[in-house]
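Asks: no FASTA, just this:
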C-alpha cells in the first residue's frame, strides 16, 4: 500500500498528460451539435429592425437557409460579415440571431456594413442561442425547408467553409428533401457537419 502511494502522483500525472494530448488533437471547429437533425427550437423574440415586431420559428422561410449567430461586439463577426453579404447577393437566404446585443447598435452595424439577413432576431438574453447550443459568435446553422438543423459550423464562414462544408449540403437541400437523399450522402460529407 505504501508503494502505491509513492506511484499515485505519477499515475495521476500520466492520466492528465494523456487527456491533454488527446485534447490537442481535437478540432474545435468540429463541435457536435445536440440539435443536429432536430427542429430549430421554438422562440418568440423581437426583430432587430423593428423592436416591437415579434418573430417566431413560423417566420423562418420554407426553404433551405443559413441561421447565423452574430453580434456587434464580436470581432470575428466583422471578418465574416462581408462574405455573408456576398452569399445573400447570390440568393442564399440568411436569418440572423443577434446575440446579447443592443438593438440600436445592431441596426447601426447593419446600416454601416450592409444587411445580409432576411431578418435578424434580437436574442437579448441569449435564450435562443442557449437552446441552439451556441458557444459564442459567430456560429452558423444550415436549416432545411422543414426548419430542421442539418449542419452546424462554429467560427467564421468564409469561401473555403462555404465551398467545402455548407454549400454541398445546401445545394442538395435545394434539389430535394433531406429524406430523399440522406441515405445517398457520403460519410465524409455528413461528418463535416457533426
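Replies: The structure has been received and is ready for your questions. A quick note: this is a predicted structure, and the numbers were derived from the prediction, not measured.

Asks: Strands of this structure, start to end?
Replies: For the chain, the strands defined by DSSP state E cover 44-46, 54-56, 65-70, 94-99, 120-123, 139-143, 149-154.

Asks: Tell me the buried residues in the third one?
Replies: For strand 65-70, the buried set under the neighbour-count rule, 16 or more other CB atoms under 10 Å, comprises 65-70. Where C-beta positions appear, they are placed from N, C-alpha and C, glycine not excepted.

Asks: Same question for the second one.
Replies: Applying a neighbour-count criterion of 16+ other CB under 10 Å, one finds residue 55 buried in strand 54-56.

Asks: now the strands of the chain in TSV, with distance to residue 113 and mean pLDDT?
Replies: TSV is the format used below for these (distance: least, CB to CB, whole Å; pLDDT from 0 to 100):
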stretch	distance to residue 113	mean pLDDT
strand 44-46	21	97
strand 54-56	21	96
strand 65-70	10	98
strand 94-99	12	98
strand 120-123	12	97
strand 139-143	17	97
strand 149-154	20	95
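
Asks: which stretch among those comes nearest residue 165?
Replies: Closest to residue 165 of the strands of the chain, according to CB to CB: strand 149-154, at 6.2 Å.

Asks: Between strand 65-70 and the closest one, find me the angle.
Replies: Interaxial angle of strand 149-154 relative to strand 65-70 (axes from the mean of the first three to the mean of the last three CA atoms, to 10 degrees): 30 degrees.
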